[in-house]
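K.L.:
Just need the structure, nothing else, for what follows:
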Amino acid sequence: MKFIISENKLNPIIKDYLDSFYDVDNINYTAFFDDDGNETDSAYRFYYGDFGEDDEVFQLYNKNYWTDPDDFRVELSPILFVESYGTLTKMFGDRWKPIFKQWFKENFGFDVKTIDGYSE
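P.N.:
I've put the predicted structure just below:
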């Protein structure tokens, strides 16, 4: 049986799923550090628990992360790498990405231009 869901009905479903899938209150983030050990705004790691426990959920890379100004990723930045990319794509195709960008801004205050991740 095939179901057809209109976009105006699908968007709230995706947003509700994101709210239930991610425990936003327990996601922390920290800035990357440069070669001299100084905190920089070039990239951020988002994770559950304490930093370094390998429970990352997102990584955000801003334009200034890329050292080569001709790197193609500069134009795509800020790029958000989503660990559950494959899961979300299997469930919603690419339709989750614009909703996710808005959801991410609302929850963490960062703009996102491009979403990427590993497909499963």
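
K.L.:
At which residues are the strands of the chain located?
P.N.:
Using DSSP state E, the strands of the chain run over residues 27-33, 39-48, 56-61, 79-82, 114-116.

K.L.:
Output these as TSV; include the columns distance to K105 and mean pLDDT.
P.N.:
Backbone N, C-alpha and C define where each C-beta goes, glycine included. Converted to TSV, these look like this (distance: least, C-beta to C-beta, whole Å; pLDDT from 0 to 100):
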stretch	distance to K105	mean pLDDT
strand 27-33	14	92
strand 39-48	13	93
strand 56-61	11	94
strand 79-82	10	98
strand 114-116	12	97
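
K.L.:
Quick one: those as TSV, columns for distance to R95 and mean neighbour count too.
P.N.:
As requested, the strands of the chain are arranged in TSV below (distance: least, C-beta to C-beta, whole Å; neighbours: other C-beta atoms under 10 Å):
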stretch	distance to R95	mean neighbour count
strand 27-33	23	14
strand 39-48	22	17
strand 56-61	19	21
strand 79-82	14	22
strand 114-116	12	17
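
K.L.:
Can you lay out these as CSV showing distance to L10?
P.N.:
Listed next are the strands of the chain as CSV, based on distance: least, C-beta to C-beta, whole Å:
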stretch, distance to L10
strand 27-33, 24
strand 39-48, 25
strand 56-61, 23
strand 79-82, 19
strand 114-116, 17
